[in-house]
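Undergrad: Build me a structure from this.
(2 chains)
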Amino acid sequence: MPPVPLGPPTPLAPEELARYSRHLLLPELGLEGQRRLKAGSVLCVGTGGLGSPLLLYLAAAGVGRIGLVDFDAVDASNLQRQIAHGTSMVGRPKVESAAARIRDLNPHVAVDAHAEALTSANALRLIEGYDVVVDGSDNFPTRYLVDDACVLLDKPNVYGSVYRFEGQASVFNWRGGPTYRDLFPEPPPPGSVPSCGEAGVLGVVPGLIGTIQAMEALKILAGFGTTLSGRLLLFDALTTSFSELTLRRDPDRAPVTGLTDYDAFCGVRPAALDPALIRVGATELRRRLTDGWRPYVLDVREAYEAELAAFPDTDRLVPHARVAQVADDLPRDRDLLLLCRSGVRSERASAALRALGFERLYHLEGGLLAWSRDVDPSVPTY
Amino acid sequence: MNVRVVLPSQLQGYTDGLREVPAEGATPGEVLADLDRRFPGLRFRVIDEQDRVRRHILLFVDRERTEDLDRPLVEGTVITLVGALSGG
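TA: Now for the predicted structure:
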């Protein structure tokens, strides 16, 4: 298989020859293939269930540069499947956690950590700098965005998706092969397909599918074997069965000419809530504060509410509707933790601050209600 | 014509959790009608009001994708329905 075009092959240092010796023994890969891996780059969209095994195997295999895109923070509920992250990283940005893991696994790999959501505004810029894109996202708008951006930039899109005990994998937009839109021209009606967060997923299922995605990315970079382009691989964990279906381009599909509003396309509720905000659960917040984290704490409730129930060490109390008016008084060089009673107003306030250029925004998920329930029952609820 | 139908997770609620069910029919349309008699509501999740396969569902006859609900089937065919998933 002709591989993806890359820059000139990069020489391998002696310690790399030892590290990759089991690859070098494979005639299909060999020294040339290993050099191609080092010269290549992969962008991982998402560092969760699919992204975790994927980025670990790409790093271990010696891909020269790995980009990570994820706006989220590590949560304890992630650890059942997101094996790139550890208990000590709960509450930390996922890209930070994954980047640290990659550097420990293979110091010869360069890591670009993009702690932001992939959006129509940044997708082309982010994807343009990589040879291969791997979609490990967890929602339909991002999947359509990744696919369209890859079509516009002529990048292969290595696809994987999971739900409960089921997984799918393929390679899209590779050498004239089908794209995601050739399969699914339109997303399901909103709410008709529950997310893994709602319906659950067996942890090893994204492990398997993400590993297959890593394998496909390596094949595209190094140019060995045959990819899943034109084929949809289905996995069922309950019966431990793989099946394969044939995919073709849809000749009647409208061409992709630009990016669009994918939340609107997928019927997702408007992005009133800030997707780039890092949400911190109450128990994670306690852990981080115990570990020495000292954010500027901004309580966005009304004054009378603060008298009913207070959060310890609050720096400032400003009703959420007035946050933009006091923005000049807020620090931009510190982490800013916003909180309110249930978490709704603090999300709104964070959106207002992000629009004003604030970047280090955190938010107590579930608000003081969660703090009282999970951490300090002496804080009254109201 | 006896065929087998493989269902995606999101439709297995109609079949008591069964991933694969036997069915009868000379075409995909007849097979789906047979399934709907035994598992009411399932067909509507696959076929829209214009009698077309929904845009987020794929229908395969053996390994080949088709949108032709009148396509003749042979004995022992496996019909696979695939739904769009987003989880990751």
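Undergrad: any chance you could map the strands in chain B?
TA: Secondary structure of chain B by DSSP state E: the strands cover B:2-6, B:20-24, B:57-61, B:64-65, B:78-83.
Undergrad: burial of residue 10, as a residue count?
TA: If you meant another chain, say so; for now it's chain A. Close neighbours of A:T10, defined as other Cβ atoms under 10 Å in any protein chain shown, add up to 17. To be clear about C-beta, it is placed using only N, CA and C from the backbone, and glycine gets the same treatment.
Undergrad: ah, no, chain B please
TA: A total of 22 residues lie near B:Q10 under the criterion other Cβ under 10 Å.
Undergrad: isn't it right up against A:Y163?
TA: Yes. With contact defined as Cβ atoms under 8 Å, B:Q10 counts as touching A:Y163 (7.3 Å).
Undergrad: Now A:P189: closest residue in space, sequence neighbours ignored.
TA: Nearest residue to A:P189, sequence neighbours excluded (Cβ to Cβ, 6 or more residues apart in numbering or on different chains): A:G267, at 6.8 Å.
Undergrad: Does that neighbour touch A:E186 like I think?
TA: No. Look at A:G267 against A:E186 with Cβ under 8 Å: they stay out of range, at 9.8 Å.
Undergrad: what is in contact with these two at once?
TA: Common contact partners of A:G267 and A:E186 (Cβ atoms under 8 Å, 6 or more residues apart in numbering or on different chains): none.
Undergrad: packing partners for the least confident helix or strand in chain B by mean pLDDT?
TA: Lowest by mean pLDDT, DSSP states H and E among the helices and strands of chain B is helix B:42-46, with a mean of 92. Counting by 3 or more Cβ pairs under 8 Å, 6 or more residues apart in numbering or on different chains; DSSP states H and E, the packing neighbours recorded for helix B:42-46 are helix B:28-38, strand B:57-61.
Undergrad: can you put the ones you listed in TSV and add mean pLDDT and mean neighbour count?
TA: TSV is the format used below for those (pLDDT from 0 to 100; neighbours: other Cβ atoms under 10 Å in any protein chain shown):
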stretch	mean pLDDT	mean neighbour count
helix B:28-38	96	19
strand B:57-61	96	21
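Undergrad: Reformat those as CSV; add distance to B:Q50.
TA: Below are these laid out as CSV (distance: least, Cβ to Cβ, whole Å):
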stretch, distance to B:Q50
helix B:28-38, 13
strand B:57-61, 14
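Undergrad: Which one, of those, ends up nearest to chain A?
TA: strand B:57-61 (5.0 Å; Cβ to the nearest Cβ).
Undergrad: Residues in contact with the closest one: which ones?
TA: Contact with strand B:57-61 is made by A:183-184, A:232, A:245-246, B:28, B:45-46, B:53, B:65-67, B:71, B:73, B:77, B:79-84, as judged by Cβ under 8 Å, 6+ apart.
Undergrad: Can I have the buried ones of the residues you listed as a PyMOL selection?
TA: To isolate the buried members of the contacts of strand B:57-61 in PyMOL, using 16 or more other Cβ atoms under 10 Å in any protein chain shown:
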select buried, (chain A and resi 183+184+232+245) or (chain B and resi 28+45+46+53+65+73+77+79+80+81+82+83+84)
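Undergrad: how about the residues of chain B near chain A?
TA: Contacts of chain B with chain A, taken as Cβ under 8 Å from any Cβ of the partner chain, map to B:6, B:8-10, B:19, B:55-56, B:58, B:60, B:63-65, B:80, B:82-88.
Undergrad: How much space separates the residue lying closest to A:D335 once chain neighbours are set aside from chain B?
TA: The shortest distance from A:D335 to any non-neighbouring residue, by Cβ to Cβ, 6+ apart, is to A:P295 (4.0 Å). Plainly put, A:P295 is 29 Å away from chain B if you go by Cβ to the nearest Cβ, to the nearest Å.
Undergrad: Ok, A:D104 next?
TA: A:D104 sits 24 Å away from chain B, taking Cβ to the nearest Cβ as the criterion.
Undergrad: and if you look at A:C340?
TA: Look at A:C340 and chain B: by Cβ to the nearest Cβ, they are 30 Å apart.
Undergrad: Just the pLDDT for that residue.
TA: As predicted, A:C340 sits at a pLDDT of 92.
Undergrad: where's the closest residue to it other than its chain neighbours, which helix or strand?
TA: The shortest distance from A:C340 to any non-neighbouring residue, by Cβ to Cβ, 6+ apart, is to A:S346 (4.4 Å). If you go by DSSP states H and E, A:S346 is part of helix A:344-355.
Undergrad: Just after that helix, pick out the following helix or strand.
TA: Sequence-wise, the next helix or strand downstream of helix A:344-355 (DSSP H and E) is strand A:361-364.
Undergrad: Strand partners (parallel or antiparallel) of that following strand?
TA: strand A:278-280 (parallel), strand A:336-339 (parallel) (DSSP bridges).
Undergrad: Is A:S170 in a helix, a strand, or coil?
TA: Secondary structure, DSSP: H, G, I helix; E, B strand; the rest coil: A:S170 is strand.
Undergrad: Show me what counts as buried in the helix holding A:S346.
TA: So helix A:344-355, judged by 16+ other Cβ under 10 Å, has buried residues A:345-353.
Undergrad: Identify, from the residues you listed, the entry nearest to chain B.
TA: Closest approach between the buried residues of helix A:344-355 and chain B, by Cβ to the nearest Cβ: A:E347, at 22.1 Å.
Undergrad: In this structure that closest one contacts A:Y362, no?
TA: No. Applying Cβ under 8 Å as the test, A:E347 and A:Y362 come out as separate, 11.2 Å apart.
Undergrad: burial count for the residue in the stretch 251-382 of chain A that chain B sits nearest to?
TA: In the stretch 251-382 of chain A, the residue that lies nearest chain B is A:C266 (9.1 Å; Cβ to the nearest Cβ). For A:C266, the neighbour count with other Cβ under 10 Å is 20.
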